[in-house]
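Peer 1: 3D, please:
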Amino acid sequence: MSWKTIQSTLGNLGQNVQQGVAGLNITQQTGKLTKSFAEFSQTARERLGTLDQDDVTELPEEYKDLERRVDALRNTHSSLLRVAKVYESEPYDYPTQINESLTETATNISHTLTSWAAAATKGTNLPPIEVPDKAPTEHKTLSHALSRAATSGALELGSTGPSNAADASNGSITSLMAKVLKSYAMVQARIGDERLAQDGAIQTGFLQPWQTSLNLGLQAAMKSRQNVRSARLALDAARLAQKNSPEGPKKEQARIEVDNAEEKLVAATEEAIELMKRVLDDPEPIRAIAQLIKAQQAYHLAASDALQGLIGEVEDAAVTAEAEFRKSRA
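Peer 2: All right, here's what the predicted structure looks like:
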């Protein structure tokens, strides 16, 4: 055999293989289209009510019960996640979007507040606070905004004083108010920091698992349910085709297709039941909710303690201011 003959033979063989593969792909695509059309036709008949009840395969009661429970879990997951994602946005409790100046004045306010906090920890058991060379980040929480406003007020009131002896009492009250605002500013800054710590804990302990493990489990369960629906439609379409097939080879082929479709539906249903049980039995969502509550409890406790320590000082200042006012009017 010559080399030219060998080349020709190999060329014909390659062409035949390509044609065979192309034919196989066309056959596969045709099969998929036929299956999709059969499922679509079956769905249309069900919605139009042109089928007898016996022509629609009844799924197991266990499966339908699990479907209802998974739907309830999915709705719960979606609604709670939609609300709790607010913890990913720093200014969620300060939505008015008041334009605070980020000029040198704002920088001085933040730096002053840090200096006050550092001075307040001296001589105590609290860890010392280092005053940075530049102002800290301007956080956008309501507590931090209140702290900045109170700091600004304390600085402004502290820079003014009575112009003469007649205004001495008013000056004393003004000084008291400046002192109160200074303490209030430091407390609100602490509360703002605690709120940011809460948000970080919620993002890590609640939102991340809520959006990953539970979400993935629900997606897998929903996909398996779609597979069951497709398998059920394919079975019902095959049964209808068998019913309408004439006796003979076509009837036998239709029977084989029904048997295959039944096996696929059973397998798909068993898999879906397993996946739905798995997502319903997962303890991770409850653990995540526990982390959410712990973070909230820690924040509110810290805020309550901070305000409790401040209220006595402010009430004493109010009593003193009232006495000064009455004295000036006597």
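Peer 1: domains in the protein, as residue ranges please.
Peer 2: 1-51, 56-100+138-330 (automatic domain parsing).
Peer 1: among those, which gets the worst mean confidence?
Peer 2: Looking over the domains of the chain, mean pLDDT reaches its minimum on domain 1-51, with a mean of 55.
Peer 1: Would you point to the one among the domains of the chain that's packed deepest?
Peer 2: domain 56-100+138-330 (a mean of 16; mean count of other Cβ atoms under 10 Å). Quick note: C-beta positions are derived from backbone N, CA and C, even for glycine.
Peer 1: Span of it from start to end?
Peer 2: From its first residue to its last, domain 56-100+138-330 covers 94 Å (Cα to Cα, to the nearest Å).
Peer 1: could we number from 181 for the rest of this?
Peer 2: In the new count, where the first residue is 181, that last one comes out as domain 236-280+318-510.
Peer 1: Now do the contacts for V250.
Peer 2: Contact analysis of V250 by Cβ atoms under 8 Å, 6 or more residues apart in numbering lists L398, A401, M402, R405, M456, V459, L460.
Peer 1: For the stretch 331-480 of the chain, which segments count as helices?
Peer 2: Remark: helices assigned in the stretch 331-480 of the chain by DSSP state H, counting those that start in this stretch are 348-382, 388-391, 393-424, 429-461, 464-509.
Peer 1: mind checking which of these is nearest K265?
Peer 2: helix 388-391 (8.6 Å; Cβ to Cβ).
Peer 1: Go through the contacts of V250 and name the one nearest S508.
Peer 2: Of the contacts of V250, the one sitting nearest to S508 (Cβ to Cβ) turns out to be L398, at 68.8 Å.
Peer 1: pretty sure the closest one is touching L253, no?
Peer 2: Yes. L398 is within contact range of L253, at 7.1 Å (criterion: Cβ atoms under 8 Å).
Peer 1: overlap in contacts of those two?
Peer 2: V459.
Peer 1: how far away is L487 from Y364?
Peer 2: In this view, L487 and Y364 are 10 Å apart by Cβ to Cβ, to the nearest Å.
Peer 1: okay but S355 is in contact with A334, surely?
Peer 2: No. The criterion here is Cβ under 8 Å, and S355 misses it with A334 at 10.2 Å.
Peer 1: which residue packs closest to L398, ignoring adjacent ones?
Peer 2: The shortest distance from L398 to any non-neighbouring residue, by Cβ to Cβ, 6 or more residues apart in numbering, is to R254 (5.4 Å).
Peer 1: Whichever strand or helix holds that neighbour vs helix 429-461, what angle?
Peer 2: Using DSSP states H and E, R254 maps to helix 241-264. Following axes from the mean of the first three to the mean of the last three Cα atoms, to 10 degrees, one obtains 50 degrees for the angle between helix 241-264 and helix 429-461.
Peer 1: if I look at K362, how far off is T317?
Peer 2: Taking Cβ to Cβ, one finds K362 at 21 Å from T317.
Peer 1: Relative to R262, which of the helices of the stretch 331-480 of the chain is closest?
Peer 2: helix 388-391 (11.0 Å).
Peer 1: Could you list every helix and strand in contact with the closest one?
Peer 2: With contacts defined as 3 or more Cβ pairs under 8 Å, 6 or more residues apart in numbering; DSSP states H and E, helix 388-391 has these neighbours: helix 241-264, helix 464-509.
Peer 1: between the ones you listed, which gets nearest to Q422?
Peer 2: Using Cβ to Cβ, the helices and strands packed on helix 388-391 put helix 241-264 closest to Q422, at 24.0 Å.
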